[in-house]
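Asker: would you be able to build a 3D model of this:
(2 chains, ligands or ions: 1)
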Amino acid sequence: MGRTLSEKVWDEHVVRATPGEPDLLFIDLHLIHEVTSPQAFDGLRLAGRSVRRPDLTLATEDHNVPTLDWDKPIADPVSRTQVDTLRRNAAEFGVRLHPLGDVDQGIVHVVGPQLGLTQPGMTIVCGDSHTSTHGAFGAIAFGIGTSEVEHVLATQTLMQAKPKTMAVTLTGSLPAGVTAKDMVLTLIAHTGTGGGQGYIVEYRGQAVEELSMEARMTVCNMSIEWGAKAGLIAPDQTTFDYIEGRPEAPTGADWEAAVAHWKTLVTDEDAIFDEEIVLDASRMTPFVTWGTNPGQGVPLGASVPDPGSFEDEQDRVSAENALRYMGLEAGTPMREVKVDTVFVGSCTNGRIEDLRLAASIIKGHTVDATTRLLVVPGSVRVRLQAQEEGLDKIFLDAGAEWRGAGCSMCLGMNPDTLEPGERSASTSNRNFEGRQGKGGRTHLVSVPVAAATAIRGTLSSPADLEAVAVVKEA
Amino acid sequence: MDAFISHTGIGVPLKRSNVDTDQIIPAVYLKRVTRSGFEDGLFSAWRGDPGFVLNNPAYAAGSVLVAGPDFGTGSSREHAVWALQNYGFKAVVSSRFADIFRSNSGKAGLVAAQVDEKVVQRLWELLESQPGAEVTVDLESRTVRAGDGPDAVHDSFDIDDYTRWRLLEGLDDVGITLGHEADITAYEASRPSWKPVTMRRG
Ligand code: SF4
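Answerer: Purely as a prediction, here's the structure:
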């Protein structure tokens, strides 16, 4: 019988398999950041161990770094200690680090692909649940706990029980103006936040094949939001074209050998998945969340749901709690929800294509007078590229804030947070209570919806802007 | 990691179910860069309540926590296990543990002993009628014991074979894996040369 893509990648990394024990898997790339690594390095030190493969390890500073005044010492002492600790650990153990101020600094899941380090068929881990992003290249990539970070540092392997496999097939083409973010938010609303528990998911079908590499990353990024262990997409020409020529990509004969191998990384015709979901992408529309988990979403054209309409008792209670926290009335059209802050950024939507798309919508408009637009590039290179293309000017002219690279308001560990009761439209991935600041209310949205919302001040799509323009002209 | 064969210590009845990791240690306590010192954050929302069990001097030096079902749900923070250990707990007895908490416990050397719900009830009764009574968690025989006479509790607990073996031997995962170093080295030798590296060798 044939094997699925994820089974092929898994099998290629088994160092040791024994019945009754988890598999010992080799890890091709270990990414590190300042928040979940200090105790792991400490553990090595206490045991007198070293990092087995510093040459397969990369560290960057992202979670709590400031996006203003990044050339000055970090003002918050706790963040400063975590960053200083990472710098000391990287120096002591010989790990490559891209610190604040370095041209390759940025969100760990933006930096790996951009350097060309993320490649098909790899195993990639990081002490961060959104490591699933790298699955877009046909890699098995997932988040790990701090003990596991230590385990990988010391052994370059992990003990893992083999997950089940699932296929999510997205048929048809996404309609114009509907993005990968809408696709994945629609999927999560369909499955619920636990639907992927215990599975490695392969996203496939025409709509996935038609996505750009960066859009594929957006989809895989949110795998963890419906509980999947990891999410991946078979590599194809789009993947190869994206990797070719990047700083750490293979060259010459190595490139030929790599591509030849990557082309074998597809699910065999006769392979069987443990579970399959099929969704029609051609019927999807811009999608936004109304609640406090990523599964609580509706099309932008719909209204805040009535908790009473949920059949399941637990869903009803959780909807009631969510509406109370979000300060929303059932029945309110989503388009009438007033937004205070729009955040464009994060490892979900903080790459150059996202900024280009946002700028193309914002160009010639101004940000609503009562709304703040924060644009935070996912990495320094994204920031520089955007500046080269003049995107920063478009944002600034419209009245937006143009910041330095990092996680920023995605999790509010740095000074970029919401005030209690403040409402955001955010291109990030989690709308949990307090995620963007204590008492903050988050609506997850796509980049076009974020941009249009910044201009109109209420949840909107670019189509709403055209309507305004037409009325003005008439 | 120290080997765990059997432990006897003061039992603490924590009469709550669904104790999630945010209750074990809130996020605000996660900023430390060490693995120690998390005891101040342990159950911090409850420690201010004079009626909370750990505020009773008879239980304050407890080392075996006896809790209601679904202990350790919520975030994956390993700090929850560290906080319990930093305080002095060696074992937690409950009728149901959240998966990630159980896995983190096994890695860090805290015994998560899963017993029948009735055993938890009987332990609670015993520990409340005799504050400061000791509970034995015997990993070798997979039994939990407390008290004597008619109220005595002596029952078995569940823990998976692999984790039990590791804890009995005092082996941490890293130690075990390093025991397979030859396999890792052989695997490394077979990796294609075009696989990416973050630093050029040599
Ligand atoms: S941008 Fe957000 S989700 Fe992504 S790594 Fe940073 S904190 Fe995590």
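Asker: contacts, neighbours, all on C-alpha from now
Answerer: Fine.
Asker: what about residue B:155, distance to residue B:117?
Answerer: According to CA to CA, to the nearest Å, residue B:155 and residue B:117 sit 11 Å apart.
Asker: residues near whichever residue of the stretch 351-474 of chain A sits closest to chain B, how many?
Answerer: Residue nearest to chain B within the stretch 351-474 of chain A: residue A:413 (10.6 Å; CA to the nearest CA). Look at residue A:413: counted by other CA atoms under 10 Å in any protein chain shown, it has 19 neighbours.
Asker: wait, it touches residue A:67, no?
Answerer: No. If you go by CA atoms under 8 Å, residue A:413 and residue A:67 don't touch, sitting 11.3 Å apart.
Asker: need the longest helix for chain A.
Answerer: When chain A is parsed with DSSP state H, its longest helix is helix A:77-93.
Asker: tell me what that one is packed against?
Answerer: helix A:38-47, strand A:96-98 (3 or more CA pairs under 8 Å, 6 or more residues apart in numbering or on different chains; DSSP states H and E).
Asker: tell me the strands beside the shortest one, with direction?
Answerer: Strands that pair with strand A:96-98, judged by DSSP bridges, come out as strand A:57-60 (parallel).
Asker: returning to what we had before: most tightly surrounded among the helices and strands packed on helix A:77-93?
Answerer: strand A:96-98 (a mean of 21; mean count of other CA atoms under 10 Å in any protein chain shown).
Asker: now what about that strand, what contacts it?
Answerer: When contacts are defined by CA atoms under 8 Å, 6 or more residues apart in numbering or on different chains, strand A:96-98 is touched by residues A:54, A:57-61, A:87, A:90, A:104-106, B:198-199.
Asker: and for stretch A:102-114?
Answerer: In contact with stretch A:102-114 (CA under 8 Å, 6+ apart) are residues A:31-33, A:59-63, A:98-99, A:118-119, A:130-131, A:133-134, A:243, A:246, A:346-347, A:351, A:378-381, A:405-407.
Asker: repeat that for 7 Å
Answerer: A:31, A:60-62, A:98-99, A:118, A:131, A:133, A:347, A:378-381, A:405-407 (CA atoms under 7 Å, 6 or more residues apart in numbering or on different chains).
Asker: of those, list those near the ligand.
Answerer: Checked against the ligand using CA under 6 Å from any ligand atom, the contacts of stretch A:102-114 yield the following neighbours: A:347, A:407.
Asker: in strands, which of the contacts of stretch A:102-114 appear?
Answerer: In strands, defined here by DSSP state E, the members of those are A:31, A:60, A:98.
Asker: for chain B, what spans make up the strands?
Answerer: B:6-14, B:64-67, B:91-94, B:111-114, B:134-138, B:143-146, B:153-156.
Asker: which stretch among these comes nearest chain A?
Answerer: Ranking the strands of chain B by proximity to chain A (CA to the nearest CA) places strand B:111-114 first, at 16.0 Å.
Asker: how far off centre is that closest one?
Answerer: 7 Å (CA atoms, centre = their mean, to the nearest Å).
Asker: find the residue at the geometric middle of the chain.
Answerer: By default, I'm working from chain A. Nearest to the mean C-alpha position of chain A, counting by CA atoms, centre = their mean, stands residue A:348 at 3.1 Å.
Asker: list the contacts for that one?
Answerer: A:218, A:221, A:427-429.
Asker: ok, and the most crowded of those?
Answerer: Top of those by neighbour count (other CA under 10 Å): residue A:221, with 31 neighbours.
Asker: ok, it - contacts?
Answerer: Counted by CA under 7 Å, 6+ apart, residue A:221 has contacts A:130, A:132-133, A:348.
Asker: could you check how far the helix or strand hosting it is from the centre of its chain?
Answerer: Here residue A:221, judged by DSSP states H and E, is contained in helix A:213-221. How far helix A:213-221 lies from its chain's middle: 7 Å, per CA atoms, centre = their mean.
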